[in-house]
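J.: Need coordinates for the below:
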Amino acid sequence: SKGGKQKVKGSKIRNIDDVELYFEDVFISKKINDTLWSEPQGIDNINTNSHDAAVSLNSDGSELFIYRNRGDGKGDLYLSELNGETWTKPVLQLRLNSPEWDGSACFIPNEDKIIFSSERKGGFGGKDLYTAERVKNNMWTNITNLGPEINSKYDEDAPFVTSDGRILFFSSNNKNSIGGYDIFRCDLINGDWQSP
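T.: The predicted structure is shown next:
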């Protein structure tokens, strides 16, 4: 990774020792044919010495959500745009991020909306899924919790909406999982997400 192996400070309260690890970086590989991909290359404009992870592409591949944690907070969502063949430097998304962890997101096809996961205050517990609407470049509003039909006191994370915008997949370790995180599905009927 761009930052190499780094020492991450542990916690005396949680009795966790310092550790050395590599943070995530974002790489790109191009499809050569049906069975062959090019050698992955790090994306210089996106990767920093800290933690940078690819989260989600929009439907035409021109925008890429990045999760970034520089170690000074809990992690936020940034957006990079494809300009020709170059990804722009990721920009922090205003009003979307909170003081808590905001780390996964997916675009809702053909809309200026996303579904994202956050540990922000006011949720049902742990990570919850929310919607947000883009009002202009890098600014979001109408942040709305998807409610108790989908969210629980456990964690709901890693949303993915199908290309027709009618099916939501996400991961959860809720009481209906068979252990740890499982994948759940919700269908959109008459504008409402149904029970997972």
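
J.: Check what pLDDT the closest residue to Ser163 other than its chain neighbours gets.
T.: Of all residues beyond its chain neighbours, the one nearest Ser163 is Pro109 (5.4 Å), with distances taken as CB to CB, 6 or more residues apart in numbering. For glycine as for every other residue, the C-beta is placed from the backbone atoms N, C-alpha and C. In this model, Pro109 is scored at 92, pLDDT.

J.: check contacts around Pro109.
T.: The contact partners of Pro109, taken as CB atoms under 8 Å, 6 or more residues apart in numbering, are Ser59, Val161, Thr162, Ser163, Asp164, Gly165.

J.: Which phi and psi values does it adopt?
T.: Geometry field for Pro109 lists phi and psi as phi -60, psi 140, criterion degrees, to the nearest 10.

J.: Not counting sequence-adjacent ones, nearest residue to the residue most central in space within the chain?
T.: Geometric centre of the chain, nearest residue: Ser104, 1.6 Å, by CA atoms, centre = their mean. Sequence neighbours aside, Ser117 is the residue nearest to Ser104 in space, at 4.5 Å (criterion: CB to CB, 6+ apart).

J.: just checking, that neighbour touches Ala132?
T.: No. Applying CB atoms under 8 Å, one finds Ser117 not in contact with Ala132, separated by 11.4 Å.

J.: So for the two, which residue has more residues nearby?
T.: Taking other CB atoms under 10 Å, Ser117 and Ala132 do not tie; Ser117 has more neighbours (27 against 22).

J.: what's stretch 85-92 in contact with?
T.: Stretch 85-92 is contacted by residues 43, 45-46, 52, 64, 66, 68, 76-82, 138 when judged by CB under 8 Å, 6+ apart.

J.: Under the pLDDT cut-off, which ranges of the protein? List them.
T.: Within the chain, the set of residues satisfying pLDDT under 70 comprises 10-16, 70-73.

J.: Can you name the residues bridging to Glu133?
T.: Going by DSSP bridges, Glu133 is paired in beta bridges with Lys113, Thr141.

J.: three-state assignment of the residue nearest to Ser104?
T.: Following DSSP: H, G, I helix; E, B strand; the rest coil, Ser117 is assigned to strand.

J.: ok, it to Tyr181 distance?
T.: When CB to CB, to the nearest Å is applied, the distance between Ser117 and Tyr181 equals 12 Å.

J.: intersection of neighbour lists for these two?
T.: Taking CB under 8 Å, 6+ apart as the criterion, Ser117 and Tyr181 both touch Asp157.

J.: separation between the closest residue to Leu94 other than its chain neighbours and Leu79?
T.: When the adjacent residues along the chain are set aside, Leu94 lies closest to Met139, with 4.6 Å between them (CB to CB, 6+ apart). In this structure, Met139 and Leu79 are separated by 11 Å, where distance is defined by CB to CB.

J.: what do the two both touch?
T.: Here Met139 and Leu79 share the contacting residues Gln93, scored by CB under 8 Å, 6+ apart.

J.: out of these two, which sits in the busier spot?
T.: More crowded of Met139 and Leu79, by other CB under 10 Å: Leu79, with 23 against 12.
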